[in-house]
Structures are given as structure tokens and as C-alpha cells.
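Peer 1: Let me see the structure of the following:
(one chain, ligands or ions: 3)
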Amino acid sequence: MDCGLYIITDEVLAPGCSHIQIAKESLSGGAKIVQLRDKRRSGAELFAIANVIRSLCTENSAKFIVNDRLDIALATCADGVHLGQDDLPLSAARALAPRPFIIGVSVGTVEEAVIAEKGGADYLGVGPVYPTGTKADAGPAVGTALVSSIREKTTVPIVAIGGINLSNAKDVLAAGADSIAVISAVICSPDIAAASRKFVRLINPQD
Ligand SMILES: Cc1ncc(COP(=O)(O)OP(=O)(O)O)c(N)n1
Ligand SMILES: Cc1ncsc1CCOP(=O)(O)O
Ligand SMILES: [Mg+2]
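Peer 2: Ligands and ions are numbered 1, 2, ... in the order given. As a prediction, this is how the structure comes out:
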């Protein structure tokens, strides 16, 4: 999987700013992966929004991932789906969506990470690395130490998530993360494109 800045959309945190606007602006700031994450909208609404973000990601050579909803991901030809420990099991998802379809899995321990890799996850969403107010049931922060421990035991890309901002992102990368997934630090910023660009420079200083 091509890594880089991974932006997750959220209309609750950014009132007045739609999933599509967030995707458009973060892509113009250089995001390489966009995840559509919405716990409230209907399937019909998600399908319509996902179709637009699918096209935007294609135009910007970025990957499009749908959170939780394999049905929406498949119906809109998304590049992949992101599944948590309480979502559709990885084995069931993979049976419906063979590679190169991307399946990312959330992990909060080394054991979960090893199981997800063995089960065929294409990347591991590791977190919450730091405390976050964005996801109420995220659980306690795991710290960069867990990123390093998972790096030692697995080889699939690590996408670190949770409370990551411009001040702590370097530590997360130094711990072994391949990519950084961000919600609030980008979408609560008055200029989503500019905030994205700053993260991109941290992740790929050579570009
Ligand atoms: C890249 C990435 N990592 C972790 C998550 C969290 O997924 P999950 O644990 O299923 O929680 P919800 O996001 O569904 O509330 C994620 N979405 N993306
Ligand atoms: C979806 C999710 N999964 C673990 S932490 C988190 C929220 C990350 O949001 P933020 O970047 O605002 O801390
Ligand atoms: Mg989920």
C-alpha cells in the first residue's frame, strides 16, 4: 500500500464542512488516503457521498477507504475498507473482497496486530496513540511504545491514529509508523489544505 498522509472525514467535528469538502481540501494539500467515516448517515446518503469522493481520489491519485461499511465500499469501487475489532470479521470481508482490495484493521495490542496480519490485513490502524476527544470509545492511549512493539512483530504497514498533531507526529514516525491518520488536527483547522500540507512535509520531508 502506498503510504502518506491518511485523512479521515468527520462532519460532526467540522460543522458546516461536508465529507466532500474535507476530501477535496485534504487532497489538494497532498493527502494520499481518504477515509469516509460517518456513523449517522443513511446507506443511500453514504453511497452518494462515497461516489463523489471515489472520483476525487482517482483524480488525485489517492486511495479511497470506507470506514465500517464493506457494502458501500464495494458498491462505489472504493480501494478498501477499514474494520475495527467489533466490525465485520476480517475473514468474512476478505471472502467478499479479494486482493487488491485493501482491508485495514484496528489493533490496540501486539496480539491483535499479529492476528490481523496473519488473517490478511493490508495495514494495521494502531491506536489511539495519544488521548483523543474525537472517538468516545477509543480506549486509553497506547503510546508510541506500542507502535514500536508492533513494528518489531509485523511487517504490514502501520497507520498510527489518535491524538496525532504537528508536534507529536515526528515521534510517531520515529517509532515505526508508515503513515499517520488524522482527524481533528486537520479538519478543525481553518485551512484544511494548508494543515494537510504541513503533515505531508513531516511525513515526506524530501518531497
Ligand atoms: C486508520 C484507522 N484506524 C483505526 C480506526 C478505528 O476503527 P474502529 O476501531 O472500527 O472505530 P470507528 O472508526 O469505526 O469508530 C479507523 N477508523 N481508521
Ligand atoms: C477513529 C479513531 N480510532 C482510534 S482514535 C480515533 C480518532 C482519531 O481522531 P483524532 O485525530 O482527532 O484524534
Ligand atoms: Mg469501525
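Peer 1: For Lys170, what is the enclosing helix or strand?
Peer 2: helix 169-174 (DSSP states H and E).
Peer 1: heading toward the C-terminus, what's the first helix or strand past that helix?
Peer 2: Downstream of helix 169-174, the first helix or strand assigned by DSSP H and E is strand 179-182.
Peer 1: Show me the shaky parts of the protein.
Peer 2: 2 (pLDDT under 70).
Peer 1: For this protein, what lies in contact range of ligand 2?
Peer 2: Contact residues, the chain versus ligand 2 (C-beta under 6 Å from any ligand atom): 127-128, 132, 134-135, 138, 161-164, 182-185. Bear in mind the C-beta positions are built from the backbone N, C-alpha and C, glycine included.
Peer 1: The residues you listed in strands, which ones?
Peer 2: Ile161, Val182 (DSSP state E).
Peer 1: so which of the residues of the chain next to ligand 2 are also by ligand 3?
Peer 2: When contact is defined as C-beta under 5 Å from the ion, the residues of the chain next to ligand 2 do not meet ligand 3 at all.
Peer 1: of all the residues of the chain next to ligand 2, which two lie farthest apart?
Peer 2: Taking C-beta to C-beta, the two most distant members of the residues of the chain next to ligand 2 are Ala138 and Ala185; they sit 15.0 Å apart.
Peer 1: next one: the lengthiest helix in the chain to chain centre, how far?
Peer 2: For the chain, the longest helix by residue count, based on DSSP state H, is helix 43-59. Relative to its chain's centre, helix 43-59 lies at 16 Å (C-alpha atoms, centre = their mean, to the nearest Å).
Peer 1: All the strands of this protein, in order from the start?
Peer 2: Along the chain, counting by DSSP E, strands occupy 5-8, 33-36, 63-67, 80-83, 102-107, 123-126, 158-161, 179-182.
Peer 1: What is the last one packed up against?
Peer 2: Pointing back at strand 179-182 there. strand 5-8, strand 33-36, strand 158-161, helix 169-174, helix 192-203 (3 or more C-beta pairs under 8 Å, 6 or more residues apart in numbering; DSSP states H and E).
Peer 1: Go again with 10 Å.
Peer 2: Contacts defined by 3 or more C-beta pairs under 10 Å, 6 or more residues apart in numbering; DSSP states H and E place strand 179-182 against strand 5-8, strand 33-36, strand 123-126, strand 158-161, helix 169-174, helix 192-203.
Peer 1: Convert the C-alpha atoms of it to CSV, please.
Peer 2: These are the backbone C-alpha positions of strand 179-182, laid out as CSV (Å, rounded to 0.1, in the frame of the first residue of the first chain):
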residue,chain,number,x,y,z
SER,A,179,1.5,6.6,7.8
ILE,A,180,-0.4,8.9,10.1
ALA,A,181,-4.2,9.1,10.3
VAL,A,182,-5.5,12.4,11.4
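Peer 1: Okay, now the sheet partners of it, with direction.
Peer 2: Here strand 179-182 is paired, per DSSP bridges, with strand 5-8 (parallel), strand 158-161 (parallel).
Peer 1: When Ala138 and Ala185 are compared, which one has more neighbours?
Peer 2: Set Ala138 next to Ala185 and count neighbours by other C-beta atoms under 10 Å: Ala185 wins out with 21 against 18.
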